[in-house]
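*Asks:* Need coordinates for the following:
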Amino acid sequence: MDAMPDLPRQNRVPVFNMPGAVTASIALLLGLHALRDFVLPDEWDIRLLLDLALIPGRWLASVDPDRVAEILSKAAPASADAVVNPSASLWTFATYALLHDSWMHVIINVVWLAAFGSPVARRCGPWRYGLLGLIGAVAGGILHVAIDPLSTAPLIGASAGVSAMMAAAARFVFQPPPSFLAGHPWQRVAHPPLQTIPELLRNRTAVMFLGIWLVTNFVFGIISLPLGAESSTVAWDAHLGGFLAGFFLFPMLDRSRGAKA
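*Replies:* Numbering: from 1, shown residues only. Sure thing, here's the model as predicted:
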C-alpha cells in the first residue's frame with residue numbers, strides 16, 4: 001500500500017516574472033523597433049518617424065508662423081522638411097515614446113521598464129500603470145518643447161514614461177518593512193502606504209537613488225551620448241518631465257487605500 005500522500009500539483013514557474021501589462025509593453029516596443037529595422041522600407045520608416053515623432057520646431061511653427069524663418073535658419077537642411085510640410089499633431093506627444101533609434105536604445109528602456117514598471121503595475125493594476133506611462137510621456141514631451149522650441153530634431157524613445165515609473169516606484173519600494181514583520185514575509189503588507197516627501201528625504205536609500213538619477217540624467221544631457229541616428233535625440237528634459245509627473249501624480253493614481261500624498 002502506498003502511504004505517500006497526494007501533494008498539490010505544482011504550478012509552472014513563469015519564464016518572465018512580470019505583470020502582463022509590463023510584458024505587453026516591452027513586446028510592443030521591441031516589436032515596433034523590429035518592424036522598422038527589418039521590415040519597413042527606408043522611405044516608409046522616415047514617413048513613420050515624421051508622423052509619430054515629436055518635433056518642437058513643428059509645434060512652434062504651428063503656433064507662431066512668423067517664426068518659421070528663425071526655425072529654418074537653425075535647422076539642418078535634412079530636417080527642414082519636417083517643419084514646413086507635416087502639420088503638428090497632438091498624438092505626437094505620446095506616440096514619440098513608441099519609437100527608438102537603435103537596438104541599444106530600446107533595450108536600455110525595456111530593462112528599466114521591467115525593473116521599475118513591474119512594482120508599479122503590481123501595486124496599481126494595468127490600467128493605472130498604462131495611464132502613468134502615458135502621463136509621463138506627455139509631460140516629458142511638453143517640457144522638452146517648452147525648453148527647446150526651436151529644435152527640429154525628432155524626439156523619440158520611451159525614456160520619459162520609464163522615468164515616470166522610476167519616480168512612482170521610488171515613493172514606496174525603498175521603505176523597509178516593519179521590524180516585527182521582518183522574519184515573516186507572508187505577513188507583510190502587500191501595498192504599504194506611499195512615503196510622503198519628508199519621509200523620503202529621511203530615507204537614505206531613496207535619497208541616494210534620487211540623487212544618482214538626477215546627476216546621471218544631467219550628465220547624460222550634457223555629454224549627449226549617441227544612441228543611434230544623429231537625426232534623433234533622447235533629451236534630459238523629457239526624462240525630467242516624466243520623472244516629475246510620476247513623482248507628484250502617482251499618489252492620485254495609487255489604488256491602495258493606505259496611500260499618503
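*Asks:* Can you name every helix or strand that the helix or strand harbouring residue 216 contacts?
*Replies:* Assigning secondary structure by DSSP states H and E places residue 216 in helix 204-223. Judged by 3 or more C-beta pairs under 8 Å, 6 or more residues apart in numbering; DSSP states H and E, helix 204-223 is in contact with helix 159-170, helix 197-201, helix 236-253. Every residue, glycine included, has its C-beta placed from N, CA and C.
*Asks:* Using JSON lines, please lay out these together with distance to residue 21, mean pLDDT and mean neighbour count.
*Replies:* Listed next are the helices and strands packed on helix 204-223 as JSON lines, based on distance: least, C-beta to C-beta, whole Å; pLDDT from 0 to 100; neighbours: other C-beta atoms under 10 Å:
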{"stretch": "helix 159-170", "distance to residue 21": "11", "mean pLDDT": "96", "mean neighbour count": "28"}
{"stretch": "helix 197-201", "distance to residue 21": "26", "mean pLDDT": "91", "mean neighbour count": "13"}
{"stretch": "helix 236-253", "distance to residue 21": "14", "mean pLDDT": "95", "mean neighbour count": "23"}
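*Asks:* And the strands in the stretch 51-200 of the chain, which stretches?
*Replies:* Here the stretch 51-200 of the chain has no strands by DSSP state E, counting those that start in this stretch.
*Asks:* Where does pLDDT dip in it?
*Replies:* For the stretch 51-200 of the chain, the stretches with pLDDT under 70 are 75-87, 176-190.
*Asks:* re earlier: of the helices and strands packed on helix 204-223, which is nearest residue 54?
*Replies:* Residue 54 lies closest, by C-beta to C-beta, to one member of the helices and strands packed on helix 204-223: helix 236-253, at 8.5 Å.
*Asks:* where's that closest one relative to the chain centroid, distance-wise?
*Replies:* Distance of helix 236-253 from the chain centroid (C-alpha atoms, centre = their mean, to the nearest Å) equals 9 Å.
*Asks:* returning to that earlier point: taking helix 159-170 as reference, get the angle to the helix holding residue 216.
*Replies:* Computed with axes from the mean of the first three to the mean of the last three C-alpha atoms, to 10 degrees, the direction of helix 204-223 lies at 170 degrees from that of helix 159-170.
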